[in-house]
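1. The following comprises the amino acid sequence and a computationally predicted model.
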Amino acid sequence: MPKVTVIIPTFNSARVIKRAVESVLDQTYRDFEILIVDDGSSDSTLSEARSFSSDKVIRIIEQNNKGPSSARNKGIAESKGEFISFLDSDDIYLANRIEEGVRVLDANKRIDIVYSNEIFFLEDSPEKDVESPHPKFSGDIFFYLKRSNFIHTSTVMARGSLFNRWHFDESLKNHEDWDLFLRASKEGTRFCYMPKPLVKVSLCRGSLTYTSKGWSESRRIVGERAKREWRDLKKKDFFRYLRLKTKAVLIGFPGHPRFNKRMPHDLLKA
């Protein structure tokens, strides 16, 4: 049984899927399996993925097009690893990404989810690579997640047992990762942030999903859920509510300038 399952959901990713898979195969840590979950691609993604078929650590799972949440959930259901790690098909693991995640989870039994910083890059402008300026937090992070999502899915490694309780909401077209992290943190799941960037995240000029109607609608839905969960926490556990809010006030969140930096998406406007 592998220590880590890396789930790569993919849809019409023929141009980049090999790069993503190779970044996992080049890891310093070797005890893993890779699940490529093809979400009904209509291009040559499957052919590209099958070029790795001789590698025994790779399994390819096919399904009809249902969206990234469904593909990730399918990977979770088929996973064999103690830990589950995610990689979007257009992103890239740096060489010690898995090693660092395993090290933290093995050493800290109370932590369920570990995530790192990331480097954003433009496919056609590598000179514009930029480390994420998003503020990130460890421990009980529910209050901070309530405001917005600062965790990129490709930076996440979690204990597989976590997904006995939570799955990605397949009704959401976007922000499904934020929704899952919110639900987990509301229930007291402990997060650990590793400041070192361990993943490169692609920003594509031609797919500005964060400006789309669907993106805005899913953000509204999850944002409303976050508000309801925060109000519910206040009723059920006032001391935790007060502790979280007091800590945020003491560090100046969210008003301090360090929590309101220019976002990497601004690169796309240059």
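-> Cool, got the structure.

2. in the top helix by length along the chain, what counts as buried?
-> When the chain is parsed with DSSP state H, its longest helix is helix 213-236. Of the residues in helix 213-236, 218-219, 221-223, 225-226, 229-230, 233 count as buried by neighbour count, 16 or more other Cβ atoms under 10 Å. From N, CA and C alone the C-beta is placed, and that goes for glycine too.

3. Save these as CSV, and put in distance to Lys146 too.
-> Converted to CSV, the buried residues of helix 213-236 look like this (distance: Cβ to Cβ, whole Å):
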residue, distance to Lys146
Ser218, 16
Arg219, 13
Ile221, 14
Val222, 10
Gly223, 9
Arg225, 10
Ala226, 5
Glu229, 7
Trp230, 5
Leu233, 9
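
4. For these, give me a markdown table that also has pLDDT.
-> Formatted as a markdown table, the buried residues of helix 213-236 follow (pLDDT from 0 to 100):
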| residue | pLDDT |
| --- | --- |
| Ser218 | 90 |
| Arg219 | 90 |
| Ile221 | 94 |
| Val222 | 95 |
| Gly223 | 94 |
| Arg225 | 95 |
| Ala226 | 95 |
| Glu229 | 95 |
| Trp230 | 95 |
| Leu233 | 95 |
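
5. so where is the stretch 101-250 of the chain shaky, pLDDT-wise?
-> For the stretch 101-250 of the chain, the stretches flagged by pLDDT under 70 are 126-127, 204-212.

6. Name the SS class of Thr5, please.
-> strand (DSSP: H, G, I helix; E, B strand; the rest coil).

7. How about it: which residues does it bridge to?
-> For Thr5, the beta-bridge partners are Glu33, Ile84 (DSSP bridges).

8. show me the contacts for Thr153.
-> 72, 86, 88, 177 (Cβ atoms under 8 Å, 6 or more residues apart in numbering).

9. Please indicate which of those residues are buried?
-> Taking 16+ other Cβ under 10 Å as the criterion, what is buried in the contacts of Thr153 is 72, 86, 88, 177.

10. Is it correct that the last one is in contact with Phe150?
-> Right, the one you point to is Asp177. No: using Cβ atoms under 8 Å, Asp177 is not in contact with Phe150; the gap is 10.9 Å.

11. how about the next helix or strand after the longest helix of the chain: buried residues?
-> Sequence order places helix 238-251 as the next helix or strand after helix 213-236, per DSSP states H and E. Buried positions in helix 238-251, judged by neighbour count with 16+ other Cβ under 10 Å: 241, 244, 248.

12. and Val199, helix, strand or coil?
-> Recorded secondary structure, Val199: strand (three-state DSSP).
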